[in-house]
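In: Here is the input, now give the coordinates:
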Amino acid sequence: MFAEVLLKDPAYTDSPLLAPYRAGGNRSDNPYMNFDLDYFSKGKPCHADLSCPSLQTAIDMIHQNHGAAVLAHPAVNLGGKSGKIEEICALPIDGLEAMSSYHSPDEAAYYTEAALRHNLVLTCGSDFHGRRRPSIEVGTGCRESDDLLDPLLARISWYQ
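Out: Numbering: from 1, shown residues only. Reported below is the predicted structural model:
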């Protein structure tokens, strides 16, 4: 984590570039994540292009390794193109993370309905990543019962 190293290095204590990420700064709520977004995201000064497998290839790899392919926080991952969910649900995915700390109640309802309509497993997640995202607490984002996990586990062959 490059941001963590920079923010802890005493040589950069007075750096104006890092001030927004320090306590009291306007990007200090999730300093490491915000730093990455501000400097390494597409179109930002430190961005490097990378190639990713197609969605179908990723799904195939997950299934070949006895995993369940679940689309995480679709409202974020689809970049506001919620209509793409129908195209994605037509692929052999196993579930949708309908309840997420990133989703509004309306988005959670929309993705819950899509998952149920396509007979997909519903999951929920806080997207907690430890100190990388300190403003997110473990367990936030789940608005349904804990019984959502059982259907997902039933689809994972190694769990049986």
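In: Please enumerate the strands of the chain.
Out: For the chain, strands defined by DSSP state E occupy the ranges 70-71, 95-100, 121-125.
In: ok, and what's touching the shortest one?
Out: What it means is strand 70-71. Contacts to strand 70-71, defined as C-beta atoms under 8 Å, 6 or more residues apart in numbering, come from residues 77, 88, 93-97, 121, 123, 152. Backbone N, C-alpha and C define where each C-beta goes, glycine included.
In: again, only this time at 7 Å
Out: 77, 88, 93-97, 123 (C-beta atoms under 7 Å, 6 or more residues apart in numbering).
In: Including distance to F35, mean neighbour count and mean pLDDT, could the strands of the chain go into a markdown table?
Out: Formatted as a markdown table, these follow (distance: least, C-beta to C-beta, whole Å; neighbours: other C-beta atoms under 10 Å; pLDDT from 0 to 100):
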| stretch | distance to F35 | mean neighbour count | mean pLDDT |
| --- | --- | --- | --- |
| strand 70-71 | 27 | 22 | 93 |
| strand 95-100 | 23 | 26 | 87 |
| strand 121-125 | 23 | 22 | 82 |
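In: Out of the ones you listed, flag the one nearest H47.
Out: Closest approach to H47 among the strands of the chain (C-beta to C-beta): strand 70-71, 24.1 Å.
In: Give me the sheet partners of the closest one and which way each runs.
Out: strand 95-100 (parallel) (DSSP bridges).
In: D14 versus the residue lying closest to M99 once chain neighbours are set aside, what's the distance?
Out: For M99, ignoring the flanking residues on the chain, the nearest one in space by C-beta to C-beta, 6 or more residues apart in numbering is C124 at 3.5 Å. The spacing between C124 and D14, counted by C-beta to C-beta, to the nearest Å, is 42 Å.
In: Give me the below-cutoff pLDDT ranges for this structure.
Out: 1, 126-160 (pLDDT under 70).
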